[in-house]
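Visitor: dropping the sequence and predicted coords here.
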Amino acid sequence: MRPFAYARPASAAEAVAAVAAHDGRAAFLGGGTNLVDLMKLGVAEPAVLVDVTRLPHGEIAETADGGLRIGAAVRNSDLAAHAAVRERYPVLAQAILAGASGQVRNAATVGGNLLQRTRCPYFQDTSKPCNKRRPGSGCPARTGHHRDLAVLGHSEHCVATHPSDMAVALAALDAVVHVEGPGGARELPFVDLHRLPGDEPERDTTLRHGDLVTAVEVPALPFARRSAYRKVRDRASYAFALVSVAAALDVEDGTVRDVRLALGGVAHKPWRASVAEERLRGGPATEEAFRAAATAELEAARPLPGNGFKVPLARSTITATLRDLAGGAR
Ligand SMILES: Cc1cc2nc3c(=O)[nH]c(=O)nc-3n(C[C@H](O)[C@H](O)[C@H](O)COP(=O)(O)OP(=O)(O)OC[C@H]3O[C@@H](n4cnc5c(N)ncnc54)[C@H](O)[C@@H]3O)c2cc1C
Ligand code: SF4
């Protein structure tokens, strides 16, 4: 590991200034469970680590509209265990608990979880080319190992997936991200935080250098009490998603009044399944309708030779998740 400096600023403004001053050579440090691993691998080489875990962003608070404001320094374990999250947004608690391990979740922060880097094996191996790590060097995953990688929204430059489970739930819940940057504070819809690779795969998100995530706000969504996260992976624990589904469903008299649906493990960003949602609203809450909506969403899929299995897997995972939420509809 290369030598680096460590700073522990007292305010968000100081933290932003400390990172912005170093022009790409400084990084915010959350729990370090991803960043420090990447430093050990030589993938990340920050000259300065700016610790943001002691900033006053460690609270989960009620908002005026009945939602929750979750500080970026809240630990993953604390968020998953919070009574209001478990009761009002079970999809969020379940998504967090489906990821990593108890020890990792105790250390990991909300901000760090959302901004963790892809698990594409070539990205993590500095002896290999990778457009995300070294722009213009190529994407060996396209012809190499891509079983775990994207089937939706990828480009010729990158087929990586976003690894976070929590992010999939937040995409489904219409969360809002609060950011403090060199130009001041702003907010953006969660679905606009992460981006598709296009011809700039080195950019995971729409954030700019020096932008600090300070909080995530989840709006009131009464029917999210009936929500769930289902994750399909190679092992029952301690593995990233092949496919995952975050869903909330509002059914009355056998009709879908409203629905929220997002997919993980299939794209460079959490994939909000808007096509399926549109098809479902106002229609019957039956297994047949759920499958048809999933099929419509997945028409955009462009699997690579080694990951075509993800498309039927995503279809059946969406269908099963909605069926369970609807109470076993046939
Ligand atoms: C063995 C193992 C298994 C795992 N399995 C899963 C899994 O199944 N599902 C899953 O979702 N995750 C999994 N993870 C990943 C884990 O969830 C992440 O490592 C963790 O959430 C990162 O949080 P952190 O606070 O430690 O981030 P850090 O490592 O501290 O930071 C990660 C990135 O976020 C940036 N950052 C941190 N805070 C902020 C902020 N407030 N604003 C702006 N940028 C910030 C950092 O600069 C860095 O680029 C696993 C990790 C390990 C080690
Ligand atoms: S898929 Fe993306 S992260 Fe993986 S090798 Fe290709 S460019 Fe790199």
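Guide: Cool, the structure landed. Numbering: from 1, shown residues only. Ligands and ions are numbered 1, 2, ... in the order given.

Visitor: next, work out how far apart the spatially closest residue to Thr126 that is not a sequence neighbour and Gly58 are.
Guide: Leaving aside its chain neighbours, Thr126 sits nearest to Gly42 (4.7 Å; criterion: CB to CB, 6 or more residues apart in numbering). The C-beta positions use only the backbone N, C-alpha and C, and glycine is treated the same way. Applying CB to CB, to the nearest Å, the value for Gly42 to Gly58 is 31 Å.

Visitor: and if you look at Asp78?
Guide: To Gly58, Asp78 is 8 Å away according to CB to CB.

Visitor: before we move on, what about Ala81?
Guide: Using CB to CB, Ala81 is found at 14 Å from Gly58.

Visitor: so what's the residue in the chain that ligand 1 sits nearest to closest to, chain neighbours aside?
Guide: Closest to ligand 1 within the chain is Gly112: 2.0 Å, counting by CB to the nearest ligand atom. Nearest in space to Gly112, with sequence neighbours left out and distances taken as CB to CB, 6+ apart, is Gly30 at 2.9 Å.

Visitor: same question, Leu97
Guide: Among residues not flanking Leu97 along the chain, Ala80 sits closest, at 5.2 Å (CB to CB, 6+ apart).

Visitor: what is the strand or helix carrying that neighbour packed up against?
Guide: Using DSSP states H and E, Ala80 falls within helix 76-81. Helices and strands touching helix 76-81, by 3 or more CB pairs under 8 Å, 6 or more residues apart in numbering; DSSP states H and E, are helix 90-97, helix 102-107, helix 110-114.

Visitor: please identify which of the ones you listed is closest to Leu263.
Guide: For the helices and strands packed on helix 76-81, proximity to Leu263 was assessed by CB to CB; helix 90-97 is nearest, at 12.0 Å.

Visitor: need the longest helix for this protein.
Guide: The longest helix of the chain (DSSP state H) is helix 310-325.

Visitor: Asp324 reaches Ala228, doesn't it?
Guide: Yes. Using CB atoms under 8 Å, Asp324 is in contact with Ala228, at 6.6 Å.

Visitor: of those two, which one has the most company?
Guide: Ala228 (19 against 14; other CB atoms under 10 Å).

Visitor: ok, now which ones touch the residue nearest to Leu97?
Guide: Arg86, Leu92, Ala93, Ile96, Leu97, Arg105 (CB atoms under 8 Å, 6 or more residues apart in numbering).

Visitor: the same query, at a cut-off of 7 Å, please.
Guide: With contact taken as CB atoms under 7 Å, 6 or more residues apart in numbering, Ala80 is in contact with Ala93, Ile96, Leu97, Arg105.

Visitor: and these, which two are the farthest apart?
Guide: Spatial extent of the contacts of Ala80 (CB to CB) is set by the pair Ala93 and Arg105 at 11.4 Å.

Visitor: distance between stretch 287-304 and the chain's centre?
Guide: 21 Å (CA atoms, centre = their mean, to the nearest Å).

Visitor: do that stretch and ligand 2 meet?
Guide: No. Using CB under 6 Å from any ligand atom, stretch 287-304 stays clear of ligand 2, with a minimum separation of 10.0 Å.

Visitor: test my guess that Gly112 contacts Leu29.
Guide: No. Gly112 sits out of contact with Leu29 when judged by CB atoms under 7 Å, with a separation of 8.2 Å.

Visitor: give me the more crowded residue out of these two.
Guide: Gly112 (25 against 22).

Visitor: the more buried one and Pro303, how far apart?
Guide: From Gly112 across to Pro303, the span is 30 Å (CB to CB).

Visitor: likewise Ala18?
Guide: The value you get for Ala18 to Pro303, if CB to CB is used, is 43 Å.

Visitor: Asn131 too?
Guide: With CB to CB as the criterion, Asn131 and Pro303 are 20 Å apart.

Visitor: comparing these two, which residue is more hemmed in?
Guide: Asn131 (24 against 19).
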